[in-house]
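>>> I would like to see how this sequence folds:
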Amino acid sequence: MADHMKLYTIFIFTITACVFSLPVSASGDPIRGPFFSSINGPGVVMAGVPTEFTCSDKCTPKCVYHWNESGKRVEGGVMTVTASGRNESLQLECTAVNPDTNKSWTTTKTVKINNPVRVKPATSSDPQEGQSFTMTCQGSGPIVATTWLKDGQPLDTDARIQLSENNGMLSFRSLLPSDGGYFECKVVDGAITVISRGYLLSLGTIAVSILGPDTVKAGVEHIFTCQANCTLPCSTFWTFNQGFSGGSISSTRDVIRWIPATPGRVQSFQCNAQNLPAQRMAQASKRVTVYATIAPTNRKGATPAIKRMCDRMKSFAETRAGRTFEIFYPISYTSEKRGSMIYYIKVHVAAKSEDYVHLRLSKPSGKLQFDNVLLGQTFDDPITPFKK
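Got it, this is the predicted structure:
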């Protein structure tokens, strides 16, 4: 009987080992991966200079690789890249495939391109129809061959469009609307070919202005608009070169909504409109002064606790008023105790006008509740007790 049990145990162990054993490769090693794939190579390359990148991973048996760069597929674990220089960066993608399991792992690497060759206007003046205009190919020189491209094609010159002796400068005697386009220069120095960062020649204009008040009241929301007037595509953005003087602010690409907090402060706004390919930018600045308001003597300035109370009661006030309040910013308040604490609060409810309400809240048994709201108030109206 003992012998039978022994044989039975051996039989079960053999079956278990067969069921749970790992698959093995032809060499007898366990099949693994691909795991931890990576692309080895520099993070910055020089335009026109061949640079080698290697794909590696943990993989048994050895994985096979293929690359993808700008839609071009390359087989093998090593890829040599020669960046033309047109773009700021390139995206490399390597996929490792286990030939036994067909499992794969894809990894990517972003590589910056250093390109010293650029097309720049010779002066800071914007191009204008009927006026002369010159561009330079920075980074070219007498010992290299330089050619010009317009919209990716070789540039045709004539008596009106001329090149300097070494082709480092391109000049227009009198600009025409048809001269507009994207200009690049191609520089060849032996085996190295570099295409410059380009310049968009456009006869359009970029202008910008800031709409909004020069003086603002503390505790009141004010709106500033960046108004771009561009005859070529442009984008706008705000900058605060001198910092931010405080208060509550929210901004989009074109609009700033600001509730200043501290009287006497001066806030500088700057709006910018730009077209990067055309290397064109316009700026507008505005200095805004925050002035103090003199509240009647029965008022106290709204505290953070008062603001939290108003935030909780806003929906009740809107229901009683039968309207939606664009903003709900408490300015000042008074209080009295009649068994329970009662608060009378002046609240600003319109962003673009001097529209206020007076809010009555109370705390019977210590629990905050909405009592009433008076509409049509002004900033200077005194806060006086009123009924529920």
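>>> Could you tell me which ranges of the stretch 151-300 of the chain sit under the pLDDT cut-off?
292-299 (pLDDT under 70).
>>> How many neighbouring residues does the residue lying closest to residue 365 once chain neighbours are set aside have?
Once flanking residues are discounted, residue 365 sits nearest to residue 340: 7.3 Å by Cβ to Cβ, 6 or more residues apart in numbering. Glycine gets a C-beta too; all of them are placed from N, C-alpha and C. Using other Cβ atoms under 10 Å, residue 340 is surrounded by 12 other residues.
>>> now swap in residue 206 and tell me
The burial count for residue 206: 22, using other Cβ under 10 Å.
>>> tell me the helices in the chain, going along the chain?
2-20, 304-321 (DSSP state H).
>>> Could you tell me the least trusted of these?
Ranked by mean pLDDT, these bottom out at helix 2-20, which scores a mean of 40.
>>> ok, residue 244 to residue 238 distance?
When distance is defined by Cβ to Cβ, to the nearest Å, residue 244 is 11 Å away from residue 238.
>>> Give me the domain ranges for this protein.
Per automatic domain parsing, the structural domains of the chain span 32-114, 118-201, 206-291, 300-377.
>>> Could I get those in JSON lines, plus columns for distance to residue 386?
Formatted as JSON lines, those follow (distance: least, Cβ to Cβ, whole Å):
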{"stretch": "domain 32-114", "distance to residue 386": "64"}
{"stretch": "domain 118-201", "distance to residue 386": "62"}
{"stretch": "domain 206-291", "distance to residue 386": "22"}
{"stretch": "domain 300-377", "distance to residue 386": "6"}
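>>> So residue 244 and residue 238 - more neighbours on which side?
residue 238 (17 against 12).
>>> Quick check: that one touching residue 258?
No - applying Cβ atoms under 8 Å, one finds residue 238 not in contact with residue 258, separated by 11.0 Å.
>>> Pull out the buried residues from stretch 339-355.
Neighbour-count burial for stretch 339-355 flags 342, 343, 344, 345, 346, 347, 348, 349, 351, 355 (criterion: 16 or more other Cβ atoms under 10 Å).
>>> Narrow these to those in strands?
342, 343, 344, 345, 346, 347, 348 (DSSP state E).
>>> Tell me the one of those residues nearest residue 211?
residue 348 (20.9 Å; Cβ to Cβ).
>>> which two in the buried residues of stretch 339-355 are spaced the farthest apart?
342 and 351, at 28.6 Å, using Cβ to Cβ across the buried residues of stretch 339-355.
>>> Enumerate every residue touching residue 354.
Counting by Cβ atoms under 8 Å, 6 or more residues apart in numbering, residue 354 touches 378, 379.
>>> cool, and residue 388?
Going by Cβ under 8 Å, 6+ apart, the list of residues near residue 388 reads 360, 362, 371, 372.
>>> ok, it to residue 154 distance?
When residue 388 is compared with residue 154 (using Cβ to Cβ), they lie 84 Å apart.
>>> Residue 55: neighbouring residues, count only.
So residue 55, with other Cβ under 10 Å, has 26 neighbours.
>>> now it, nearest residue through space, not along the chain?
residue 94 is the one closest to residue 55 (Cβ to Cβ, 6+ apart), at 3.8 Å.
>>> next one: phi and psi at residue 355?
phi -110, psi 120 (degrees, to the nearest 10).
>>> nearest residue to it other than its sequence neighbours?
Using Cβ to Cβ, 6+ apart, the closest residue to residue 355 is residue 349 (5.4 Å).
>>> still on that earlier bit, by pLDDT, give me the weakest of the buried residues of stretch 339-355.
residue 351 (69).
>>> what about the closest residue to residue 369 other than its chain neighbours, how many neighbours?
In space, and not counting its chain neighbours, residue 369 is closest to residue 362: 5.8 Å by Cβ to Cβ, 6+ apart. A total of 18 residues lie near residue 362 under the criterion other Cβ under 10 Å.
>>> so residue 362 touches residue 385, yeah?
No - between residue 362 and residue 385 there is no contact under Cβ under 8 Å: 11.4 Å.
>>> any shared contact partners between the two?
Residues touching both residue 362 and residue 385 (Cβ under 8 Å, 6+ apart) are residue 342.
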